[in-house]
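[1] here is the input, now give the coordinates:
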Amino acid sequence: MSDNIEPKESCGCSEAEGIDTELNKKLLRAFLKNNDSVEAALHEDLGHIPDFTTFSWKHMKTVHEVADNLVNEHGDDVDKIIDKLSALKNVYPNSAYADYLSRISFYKHPETKNLVCPPIHEVLPESCFSLEQLRESDVECDSLERKAQKESIPSATILASPQSLNIESKLDWWREDIQLSEHHANWHAYYPFTKKLDTEKVRRGELFAYMHEQMLARYDFERFAVGLPPVKPYGPGVFWDKSLPEGYNINLHRFSARPGHMSIPDRILFLGQPYVMKDMELHKERLLDAIARMKFLDPSGERVPVTMDGLGCTVESDGNSVNPGYYGNLHNMGHVVIAMMNDPDGRYVIHKGPMYQQYTAARDPVFFRWHKFIDSLFEECRLQMKPRDPIDLNIQLAYTSLKVKNVSIMTDPVSDLNIEKDCLYTKMTKQTFTVYWANGTTPADEHDDKPYEKRYINYPTLEHCPFDYQFTIELKRVIYDSSASIPSEKPEEFDIITYKLMFRVFMAPETGVTDLNQRRRHFIELDSFVQEVKWDLPNLGGTQKFEITRKSKDSTVAMQPIPDIKNINDGNLGNSKSFCGCGWPLNLLIPRGTPTGMKADLFVLVTDWEKDAYDKDAEFTGGAAYCGKSGKPYPDKKPMGYPFDRNFKFHKTKSKRGKDLSTLQDVVGAIPNSAVIPVTIKFLGQEVEK
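    Numbers count the residues shown, from 1 in each chain. Predicted structure coming up:
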């Protein structure tokens, strides 16, 4: 199986170029309840689904059809589309359906596709903050009054709930991070699963697998830091017949709590249709059979190859599922079944649990247990792939060899802190979130004419001290290899050669396990970026070193800042090129670590972008690692997570096969274009407000 995947395009995020800031201001009316003189009946043909979930095929089919009809009917009148969505918002100000419909409608329309939708926490605050936090939060006032009242603003729990018997509460602060919820919701919004994907949106299945794999790796990293074991899978055939020890109280309006030690019901009644748990077991077994054969069974009875992309689409049962009638709807129904554990047939009219919605699911500890089960299917597929040979990781540049000579990390200066080399620092801070809460006093009044209230909530957030990566690489002249890629610029005099190099940066915790094939799933991607270097051959006798500095805030893994409502109104969209909210939260880029210092390995692999890229001249910026580029192929041809996307195999010589790789250091020893350094992550505790 080749490492390089044939060019296919991804959905990606909107970009800042050419944004109509005045139209973007108008768009906000669809997200904020207001007292505009819009005819209330305008919303009637848009419908409404009170118990809307993006995990339902029926709901998603309906909402996308409504969006398509809205855009097709009023394609030449964007103001009319905004009016209709604004009317819907005014009637249902806290509706997940209304919010989702607005986002996808604007994304589908060519005039609004690249505009900026406001962050979810600002316009659906009841899905992010408790009613207690909203009611007691600071209402908008002038700066002097607000400064005087700042100490009285209530904050969420910093590290753990008072439920001392609930060990999972040690990571409530992480799972309940606002940007983490936004990331998960926005990723799924921009990669909807219902419609068969066109050429713009292929590789979505692979991205679905990789994005959730990285969420799991990062969650385990945090678990190691607080003394918890790696998360265990939970799904059909894997503890599914046992009670679920983890309970969880999300403490959000319109969501229910789940006591510990509840059991999965034999059947649920969802949208009037029975769903039997034995069906999920059957679908899992059929998927495992396909993986073992590396062949799917399509609807015509033919066997078709299993790929990671095809498996991701089939497990989630999106529009590109190979055979949804045979392989089922495993991932999405798992969310629904778990969300309905405490009222499986609806007889008690209890709200669903947090697993029912994409913007609340990751708060629940069981989300990670469920996705560990889902990832076990992808891991079975990875284990079927040809093990990775470290010789294949060596790059061949025309005329030169490349060696990574040194890697280091330098944290930006911090007052009263003695900065150590190769040490990362984190701390808990209180970030002030602005929310626009419709009918803020009593939820029962949400259909009245009261406009929203602008409020401020202090909320715990992990932050890391900004830092720089510093890389030293060496290029050395070698005899030309005709199989190597030709540089993008090669003057006739052969004085200067320009290379484009891809730096792939990963980190994994030290856990006492040294076998690389056991550690492989613990590596988190920190950054992937393209660096251009110019090699001045005649003046340097055939050898040249390059010093490269990379700022942590520029990570292509991380979510770029999303302009909030104030900035959208002011026309201040900044310099960001990615506004979809997709990408890992920058504040969680570095795991929390421990007060005494958590040990980890930082690994970098430098590869040839001339060979790796679909388009070597395209930018690899913004949240490209998680979201691709709008209307363009996913930038990197390598498998997502490369080189940790499969097991390793080691060759001592070309003629003699060796044993499995044992350590990361063995890999680095065999690959001059890689390096590994030990790093320390120190948690500085809670920041003290002065």
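
[2] now the element after the worst-scoring helix or strand of the chain on mean pLDDT, going C-ward?
    The helix or strand of the chain with the poorest confidence is helix 143-149; it has a mean of 37 (mean pLDDT, DSSP states H and E). With elements assigned by DSSP states H and E, the helix or strand that comes after helix 143-149 is helix 172-175.

[3] looking at the protein, which strand is longest?
    strand 423-438 (DSSP state E).

[4] in its sheet, which strands sit next to it, and in what direction?
    The strands beside strand 423-438 in its sheet (DSSP bridges) come out as strand 452-464 (antiparallel), strand 674-686 (parallel).

[5] flag the shaky bits of the stretch 501-650 of the chain, pLDDT-wise.
    For the stretch 501-650 of the chain, the stretches with pLDDT under 70 are 537-541, 574-581, 629-631, 650.

[6] all helices for it, in order.
    In the stretch 501-650 of the chain, the helices defined using DSSP state H, counting those that start in this stretch lie at 516-519, 565-570, 609-612, 624-627.

[7] can you give me the strands for the stretch 301-450 of the chain?
    Here the stretch 301-450 of the chain has its strands, by DSSP state E, counting those that start in this stretch, at 303-305, 400-411, 423-438.

[8] would JSON lines of these with distance to Trp584 be doable?
    Yep, even glycine has a C-beta here, placed from its N, CA and C like the rest. Below are these laid out as JSON lines (distance: least, CB to CB, whole Å):
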{"stretch": "strand 303-305", "distance to Trp584": "31"}
{"stretch": "strand 400-411", "distance to Trp584": "18"}
{"stretch": "strand 423-438", "distance to Trp584": "15"}
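
[9] quick revisit: of the helices of the stretch 501-650 of the chain, which is nearest Pro354?
    Closest approach to Pro354 among those (CB to CB): helix 624-627, 22.3 Å.

[10] which strands or helices does that closest one pack on?
    Applying 3 or more CB pairs under 8 Å, 6 or more residues apart in numbering; DSSP states H and E, one finds that helix 624-627 contacts helix 178-190.

[11] the helix it packs on vs strand 423-438, what angle?
    70 degrees (axes from the mean of the first three to the mean of the last three CA atoms, to 10 degrees).

[12] start the count at 50, not 1, going forward
    Noted, 50 is the first residue going forward, which turns the last one into helix 227-239.

[13] contact partners of helix 227-239?
    For helix 227-239, contacts defined as CB atoms under 8 Å, 6 or more residues apart in numbering pick out 60-62, 103, 149, 152-153, 156, 168-170, 177, 223, 260, 264, 406-412, 480, 482, 508, 510, 608, 611, 629-637, 675-676.

[14] one more time with 7 Å
    60, 62, 103, 149, 152-153, 168-170, 177, 260, 407-412, 482, 508, 608, 629-634, 636-637, 675-676 (CB atoms under 7 Å, 6 or more residues apart in numbering).

[15] cool, and stretch 348-364?
    Here stretch 348-364 makes contact (CB under 7 Å, 6+ apart) with 252-255, 257-258, 336, 339-340, 343-347, 369-372, 374, 376, 379-380, 423, 426-427, 430, 688.

[16] and it, what's buried?
    Across stretch 348-364, burial judged by 16 or more other CB atoms under 10 Å covers 355-364.

[17] roughly how far is the longest helix along the chain from the heart of the chain?
    The helix that spans the most residues within the chain, counting by DSSP state H, is helix 253-274. Centroid separation for helix 253-274 versus its chain: 8 Å, with CA atoms, centre = their mean, to the nearest Å.

[18] moving C-terminal of it, what's the next helix or strand?
    As assigned by DSSP H and E, the chain's next helix or strand after helix 253-274 is strand 316-319.

[19] assign Phe520 to helix, strand or coil.
    strand (DSSP: H, G, I helix; E, B strand; the rest coil).

[20] give me the nearest residue to it, chain neighbours excluded.
    Spatial nearest neighbour of Phe520, excluding adjacent residues (CB to CB, 6 or more residues apart in numbering): Ile597 at 4.4 Å.

[21] how close does the one you found sit to Leu446?
    Separation of Ile597 from Leu446 (CB to CB, to the nearest Å) stands at 16 Å.

[22] pLDDT weak spots in the stretch 100-249 of the chain?
    In the stretch 100-249 of the chain, residues with pLDDT under 70: 189-213, 242-249.

[23] could the buried residues of stretch 348-364 go into CSV alongside pLDDT?
    Converted to CSV, the buried residues of stretch 348-364 look like this (pLDDT from 0 to 100):
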residue, pLDDT
Val355, 97
Thr356, 94
Met357, 95
Asp358, 92
Gly359, 94
Leu360, 97
Gly361, 95
Cys362, 93
Thr363, 96
Val364, 96
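
[24] now Arg526: how far from Thr592?
    Arg526 is 7 Å from Thr592, by CB to CB.

[25] ok, Gln580 next?
    For Gln580 relative to Thr592 (CB to CB), the value is 19 Å.

[26] with Lys333 instead?
    56 Å.

[27] same drill for Ile597 and Leu446, tell me which one is more crowded.
    Leu446 (22 against 16; other CB atoms under 10 Å).

[28] quick one: pLDDT of the more buried one?
    Leu446 is assigned a pLDDT of 81 by the prediction.

[29] who does it bridge with?
    What pairs with Leu446, by the bridge criterion (DSSP bridges), is Thr449, Ser534.

[30] returning to what we had before: look at Lys333 and Thr592 and report which has more neighbours.
    Lys333 (23 against 13).

[31] picking that back up, buried ones in the longest strand of the chain?
    472-480, 482-487.

[32] so Lys594 touches Lys525, yeah?
    No: if you go by CB atoms under 7 Å, Lys594 and Lys525 don't touch, sitting 9.9 Å apart.

[33] who's more crowded, the two?
    In this view Lys594 and Lys525 are compared by other CB under 10 Å, and Lys525 has more residues nearby, 16 against 13.

[34] now that one: how far from Met390?
    Between Lys525 and Met390 the computed distance is 61 Å (CB to CB).

[35] do the same with Trp236
    From Trp236 to Met390 the distance is 25 Å (CB to CB).

[36] more crowded one of these two?
    Trp236 (26 against 20).

[37] dump the residue contacts of the residue nearest to Phe520.
    So Ile597 contacts 520, 522, 580 (CB under 7 Å, 6+ apart).

[38] nearest to His571, of these?
    Phe520 (22.8 Å).

[39] contacts only, for that closest one.
    By CB under 7 Å, 6+ apart, the neighbours of Phe520 are 453, 456, 552, 597, 653.

[40] and those as CSV, adding distance to Tyr141?
    Formatted as CSV, the contacts of Phe520 follow (distance: CB to CB, whole Å):
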residue, distance to Tyr141
Val453, 55
Val456, 53
Phe552, 47
Ile597, 51
Val653, 49
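
[41] identify, from those residues, the entry nearest to His571.
    Val653 (16.6 Å).

[42] go ahead and confirm the closest one touches Met556.
    No: between Val653 and Met556 there is no contact under CB under 7 Å: 9.9 Å.

[43] can you pull the residues that touch both of the two?
    With CB under 7 Å, 6+ apart, Val653 and Met556 have no common neighbours.

[44] and stretch 655-665, how far apart are its ends?
    Start and end residues of stretch 655-665 are separated by 15 Å (CA to CA, to the nearest Å).

[45] list the buried residues for that stretch?
    Applying 16+ other CB under 10 Å to stretch 655-665 flags 655-663 as buried.

[46] who's in contact with the nearest residue to His261 once chain neighbours are set aside?
    Spatial nearest neighbour of His261, chain neighbours left out: His420 (5.0 Å); criterion: CB to CB, 6+ apart. Contact analysis of His420 by CB under 7 Å, 6+ apart lists 261, 264-265.
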